[in-house]
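Undergrad: Give me a 3D structure for the following:
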Amino acid sequence: MNYKNGKDVLPPRLLEELQRYIQGELLYIPKQQSERAAWGEKSGSRVMIEQRNEEIYRRYANGSTVQELERQYHLSSESIRKIIIKLRSAAAPIAYEAVQAGKH
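TA: Predicted coordinates for the structure are as follows:
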C-alpha cells in the first residue's frame, strides 16, 4: 500500500470536505469491489493449491491411503479428508451425467 498526500491527489473541495471528518491521520480508501482480486489470483497460489488438491484426490481415487497422502503432502489427515470430500462431491454430478449419457 502506497502513502499519498491528499493535497497532491484530491480536488481542493473534496480535500476540504474530508478535513471536516479527519485531519492529520491516515485514511485507508479500499478498492471498489469490481477491482478487487480474490485471494491467490495475482500470485498464482489459488491455481497451485487447486492443482495440488486435484492430484491428492486423483491419488486417493487410485488407491493411496489418507496416511500416505498426509506424509507426501505434509498435511493433516483432517485436511486430506476435507479435500477428498470436497472434490468427491464436485465430481459426483459429472459422474452421474456420464452414466445417464451411457458413457460409464
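Undergrad: only C-alpha atoms for contact and neighbour calcs from this point on.
TA: OK.
Undergrad: got the contact list for the most centrally placed residue in the chain?
TA: Central residue check for the chain by C-alpha atoms, centre = their mean: the C-alpha nearest the mean position is that of Trp39, 4.1 Å away. Residues in contact with Trp39 (C-alpha atoms under 8 Å, 6 or more residues apart in numbering) are Arg46.
Undergrad: Which helix or strand contains it?
TA: Counting by DSSP states H and E, no helix or strand carries Trp39.
Undergrad: Need phi/psi at it.
TA: Trp39 has phi and psi values of phi -60, psi 130 when expressed as degrees, to the nearest 10.
Undergrad: Against Met48, how distant is it?
TA: From Trp39 across to Met48, the span is 12 Å (C-alpha to C-alpha, to the nearest Å).
Undergrad: Walk me through the domains of this protein.
TA: Here the domain assignment for the chain is 6-31, 45-100, based on automatic domain parsing.
Undergrad: Can I get those domains in a markdown table including mean pLDDT and mean neighbour count?
TA: Formatted as a markdown table, the domains of the chain follow (pLDDT from 0 to 100; neighbours: other C-alpha atoms under 10 Å):
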| stretch | mean pLDDT | mean neighbour count |
| --- | --- | --- |
| domain 6-31 | 89 | 10 |
| domain 45-100 | 87 | 14 |
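Undergrad: give the contact list for the nearest residue to Tyr60 once chain neighbours are set aside.
TA: Sequence neighbours aside, Val66 is the residue nearest to Tyr60 in space, at 7.3 Å (criterion: C-alpha to C-alpha, 6 or more residues apart in numbering). Residues near Val66 by C-alpha under 8 Å, 6+ apart: Tyr60, Ser77, Ile80, Arg81.
Undergrad: Which single one of these is nearest to Val9?
TA: Ile80 (49.2 Å; C-alpha to C-alpha).
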